[in-house]
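Trainee: Structure here, sequence nowhere to be found:
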């Protein structure tokens, strides 16, 4: 696999709070990567830094051969059209219908005005996430799992190369959580979208991801395949594994 995103020696602080302290990371094209770590370790900050939503204090970030950290705001906005973001709480607009929520990035970001094209893409996306016919419902009419899937659909409707998932299963029961991770696999396999996940669901990360990166105290302390990370001697990594799996043998490898 070719490297799609490169992060090198990235630093980011908020006042006296040093969040990222020299993070380096590679994301391979066509892969599913999981970023895990304790709450408050900077996972979301790293996400937003890669996407250009936050400026960094030092370091460099590339998307393909484009140095994102050297771009102007206007140039960055153009490149960010290749990125999709599935928010933790779906972040749907309550006053809009499902169709209007999905159409929003098409009209406001891509500038598409052709109503027939917008309608077609909305219908295709809802069919793909297996929720056809809900165009006129509002977010309040949807279950938690449905809102998550609509949030993913909105992130996908711009046909991104990379999709960032921020805690995709927060608030869902195990059955619905498994459904969401199956959707992540479909996004990756059927649409050939590179997926990057922040998650506290360590067993799911080991089951679904091709690569796992562990962020601790502002640096990546373990990085590699699930098998490689499971063999890490880093105490924090072993703590994660012990607390998540107990004494059971760690099951690793991408879900089929």
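Mentor: Now that the structure is in, tell me what you want to look at. Just so you know, these numbers come straight off a predicted model, no measurement behind them. Numbering: from 1, shown residues only.
Trainee: For the worst-scoring helix or strand of the chain on mean pLDDT, buried residues please.
Mentor: Between all helices and strands in the chain, the lowest mean by mean pLDDT, DSSP states H and E belongs to helix 235-245, at a mean of 86. By 16 or more other C-beta atoms under 10 Å, the buried positions in helix 235-245 come out as 236, 237, 240, 241, 244. Heads up, the C-betas are built off the backbone N, CA and C, glycines and all.
Trainee: Model confidence for residue 39, exactly?
Mentor: Note on residue 39: pLDDT of 82.
Trainee: now residue 181
Mentor: 94.
Trainee: got it, and residue 254?
Mentor: 49.
Trainee: let's have the chain start at 4 instead
Mentor: Got it, first residue is 4 now, which makes that one residue 257.
Trainee: pretty sure residue 200 contacts residue 36?
Mentor: Yes - in this structure residue 200 lies within contact range of residue 36 using C-beta atoms under 8 Å: 7.1 Å.
Trainee: Which of those two has more residues huddled nearby?
Mentor: Set side by side, residue 200 and residue 36 show more neighbours around residue 200, with 27 against 22, by other C-beta atoms under 10 Å.
Trainee: Whichever strand or helix holds that one packs against which elements?
Mentor: Using DSSP states H and E, residue 200 sits in strand 197-201. On a contact count with 3 or more C-beta pairs under 8 Å, 6 or more residues apart in numbering; DSSP states H and E, strand 197-201 meets strand 20-31, strand 35-39, helix 46-54, strand 165-169, helix 177-194.
Trainee: Kindly recompute the last result at 6 Å.
Mentor: strand 35-39, strand 165-169, helix 177-194 (3 or more C-beta pairs under 6 Å, 6 or more residues apart in numbering; DSSP states H and E).
Trainee: Centre of the chain to that strand, how far?
Mentor: On the basis of C-alpha atoms, centre = their mean, to the nearest Å, strand 197-201 sits 4 Å off its chain's mean C-alpha point.
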